[in-house]
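Peer 1: I would like the atomic coordinates for the input below:
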Amino acid sequence: MEMTSKAMASGLLVLMLLMNIGFVLPVRADCWSETSDVCTKTHNCRSNCQGRGQADGKCKWEFPDLVPFCYCLRPNCNP
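Peer 2: Numbering: from 1, shown residues only. Got it, this is the predicted structure:
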């Protein structure tokens, strides 16, 4: 019983460390710029980004953000 709880605690610790260091690599993070706009619908985000002269926009909900934010694709950048 004690060994199982130690193994679970160790596994949880490793998982938290991997999430903290960004184990999941973003897709060309340098091409996407974060805005301060909270994203409710992707098409609204896309039109806002294009109105600002950006190529595209998407909603991105990622840890540790509690709400999704709008990310704009910089012009002349291929993700």
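
Peer 1: and the nearest residue to D56 once chain neighbours are set aside, what are its bridge partners?
Peer 2: Residue nearest to D56 in three dimensions, not counting chain neighbours: L73, with 4.1 Å by C-beta to C-beta, 6 or more residues apart in numbering. C-beta here means a position set from N, CA and C on the backbone, and glycine is covered the same way. Counting by DSSP bridges, L73 forms beta bridges with W32, D56.

Peer 1: just want the most central residue of this structure.
Peer 2: Compute the mean C-alpha point of the chain, and by C-alpha atoms, centre = their mean the closest residue is E62, 3.7 Å away.

Peer 1: can you tell me what sits against stretch 44-60?
Peer 2: Stretch 44-60 is contacted by residues 32-35, 37, 39-42, 68-77 when judged by C-beta atoms under 8 Å, 6 or more residues apart in numbering.

Peer 1: what's the first-to-last distance across it?
Peer 2: Chord length of stretch 44-60, first to last residue, is 13 Å (C-alpha to C-alpha, to the nearest Å).

Peer 1: name the residues of it that are buried.
Peer 2: Burial within stretch 44-60, assessed by neighbour count using 16 or more other C-beta atoms under 10 Å, is assigned to C45, R46, N48, C49, Q54, A55, D56, G57, K58, C59, K60.

Peer 1: avg pLDDT for it?
Peer 2: Rounded to a whole number, the mean pLDDT of stretch 44-60 is 94.

Peer 1: and the helix or strand hosting Y71, what does it pack against?
Peer 2: Following DSSP states H and E, one finds Y71 within strand 69-73. Strand 69-73 makes packing contacts with strand 32-38, helix 42-51, strand 56-60 when contacts are defined by 3 or more C-beta pairs under 8 Å, 6 or more residues apart in numbering; DSSP states H and E.

Peer 1: now the longest one, how far from the chain's geometric center?
Peer 2: Read it as helix 42-51. For helix 42-51, the distance between its averaged C-alpha position and the chain's averaged C-alpha position is 17 Å (C-alpha atoms, centre = their mean, to the nearest Å).
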